[in-house]
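Undergrad: got a predicted model here, sequence first, then my questions.
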Amino acid sequence: MSDSQQSAASAAPQQSVSEQVQVRLAKRERLLAEGGQPYPVEVPRTHALAEVRAQWGHLAAGEETDDVVSVTGRIMFQRNTGKLCFATLADQFTLDADGDRLQVMLSLAEVGQESLDAWKADTDLGDFVSITGRVIASRRGELSVMATGWTLASKALRPLPTLHNELSEETRVRQRYADLVVRDEARAMVRTRAAITRSIRETLHRRGYIEVETPTLQLIHGGAAARPFTTHLNAFDIDMTLRIALELYLKRAMVGGTEKVYEMGRIFRNEGIDSSHSAEFTMLECYEAWIDQVGIAEVIQQIIVDAADAVGSRQIETDAGVIDLDGEWRWLPFYTGLSEVLGREITPDTTRAELEELAAQHEVEFDPKLSDGKLAMELFGELVEPTLIQPTFVCDYPAIAQPLARPHRDDPRLVEAWDLIIGGMERGTGFSELIDPVIQRERFTEQSLLAAKGDPEAMQLDEDFLNALEFGAPPMGGLGLGVDRLIMLFTNKGIRETILFPLLKPQA
């Protein structure tokens, strides 16, 4: 907490929130009765606070100028002492964390008695104001604006959170607007997310990718194994779903001739919500012609390394230890990893009885309806994945794992697909993409049979997508990257902290 924030906290009135609201409402009514305007349509503003710091930050202690500026901001600190009042204003937070705070001073000699009395009577912490005056440096060297006039820009009726009592995580995510005002870490998270998403786009643009937008409302859900949200389109009187992946429409674009294509957008899955899962999240998917799973793995590695450079370091401090993005990114075949952890050889031919016995031995719970391949994946997720701290491409999955991946060129029981595990968590996935429309129809048919048996995550048979594939698609590699999970990696925070306004269960 900064010195100004600590002072603001100590200066907060010792009243309940409801009492403070009543006091502020009374001020609002008085201002209106006196012909004032607590919410004017515009106020003077010539410079952002960061611009003042950039242009006059060189001033020495006690140095004054005749340069007049008008600045605006929220009052984060006030000290009203006789003939001289001090305040710290906060502007919109910028990419420069130090550029969004500035001291202002109001003296009797500069603004007059009436204006100084009005400042003391009318303003509170949290109000937005406009200050016009000369740029100076105080005797202590603090860059300041010595006011010659001021205007109330917006009266805050609710007090800011008391800063000496740290906001609970629940309060932070439910009232993110207040969290952003008072907590540096919240603003830093916004900056970090913006830097990462900008870096992702810059990396892909540098590699020649084209960004497109695909439908959020879809007639048929597909592209992933997930339960969709359903809705109804009144105009056509048909049921629709919110998209669970970006894949199928991006592949349609590949059929049309865009050889490098990507989209970064919101995805919706009607599933569990916890520290690493949200019903609404941001996904990056990209596809490139003429490369396979190895080529697309190089793309995601470059994306992540560039993002690390954009926000800090390629060596990441986490609860699981230091992750070195400059180190070797290991390739680990799925069944090899499972065999290493279980201490016995596991293959695609391992029997159902053996897999269930292993699950019982290691206390891994599973749905009895799971196929053999899905049961093996459950074991891997519980026993192997948490141990993979350094970047690892887990590859050679059982065919059931990825219905949209190409059959493995050396073993038809497997698919050419990988999951990228970093810090014991999946961060992305990639494929040598399936482009044979006949095999794809067979896979979709298998999925539709699973759906008919009650599997809510099974894909539906998408005739239009199959029709597109029948026009011919080039060999390609594709990847999906969970943007929120990438931000979680760099910040060591849960998903609710990385999403600005996460979906929350309503309070009673």
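TA: Yes, it's here.

Undergrad: what helices and strands are in contact with the helix or strand harbouring Val173?
TA: Assigned by DSSP states H and E, Val173 belongs to helix 169-174. When contacts are defined as 3 or more Cβ pairs under 8 Å, 6 or more residues apart in numbering; DSSP states H and E, helix 169-174 packs onto helix 176-182, helix 495-498. C-beta here means a position set from N, CA and C on the backbone, and glycine is covered the same way.

Undergrad: quick one: contacts of it?
TA: When contacts are defined by Cβ atoms under 8 Å, 6 or more residues apart in numbering, helix 169-174 is touched by residues 161, 178-179, 183, 186, 496-497, 502, 504, 507.

Undergrad: of the helices and strands packed on helix 169-174, which stretch is the most buried?
TA: The highest mean neighbour count among the helices and strands packed on helix 169-174, using mean count of other Cβ atoms under 10 Å, belongs to helix 495-498: a mean of 21.

Undergrad: skipping adjacent residues, who's closest to Leu383 in space?
TA: Among residues not flanking Leu383 along the chain, Val341 sits closest, at 5.1 Å (Cβ to Cβ, 6 or more residues apart in numbering).

Undergrad: for the strand or helix carrying the one you found, buried residues please.
TA: If you go by DSSP H and E, Val341 is part of helix 334-342. By neighbour count on 16 or more other Cβ atoms under 10 Å, the buried set for helix 334-342 is 334-339, 341-342.

Undergrad: following the chain past the helix or strand hosting Arg30, name the next helix or strand.
TA: Using DSSP H and E, Arg30 sits within helix 17-33. The helix or strand immediately downstream of helix 17-33 is helix 49-56, counting by DSSP H and E.

Undergrad: with just CA atoms, put that next one into CSV.
TA: Only the C-alpha atoms of helix 49-56 are listed here, as CSV (Å, rounded to 0.1, in the frame of the first residue of the first chain):
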residue,chain,number,x,y,z
LEU,A,49,-1.8,12.9,-14.9
ALA,A,50,0.8,10.7,-16.7
GLU,A,51,1.4,13.5,-19.2
VAL,A,52,2.1,16.0,-16.4
ARG,A,53,4.6,13.6,-14.9
ALA,A,54,6.2,13.0,-18.3
GLN,A,55,6.6,16.7,-19.1
TRP,A,56,7.4,18.2,-15.8
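
Undergrad: okay, how far is it across stretch 38-51, tip to tip?
TA: One end of stretch 38-51 to the other measures 26 Å (Cα to Cα, to the nearest Å).

Undergrad: who's in contact with the nearest residue to Gly295 once chain neighbours are set aside?
TA: Once flanking residues are discounted, Gly295 sits nearest to Gly477: 5.1 Å by Cβ to Cβ, 6+ apart. By Cβ under 8 Å, 6+ apart, the contact set of Gly477 is 287-288, 291-296, 299, 430-433.

Undergrad: change it to 6 Å
TA: 288, 291-293, 295-296, 432 (Cβ atoms under 6 Å, 6 or more residues apart in numbering).

Undergrad: could you give the angle of the longest strand seen in the chain to helix 49-56?
TA: In the chain, assigned by DSSP state E, the strand with the most residues is strand 64-81. Here the directions of strand 64-81 and helix 49-56 differ by 140 degrees (axes from the mean of the first three to the mean of the last three Cα atoms, to 10 degrees).
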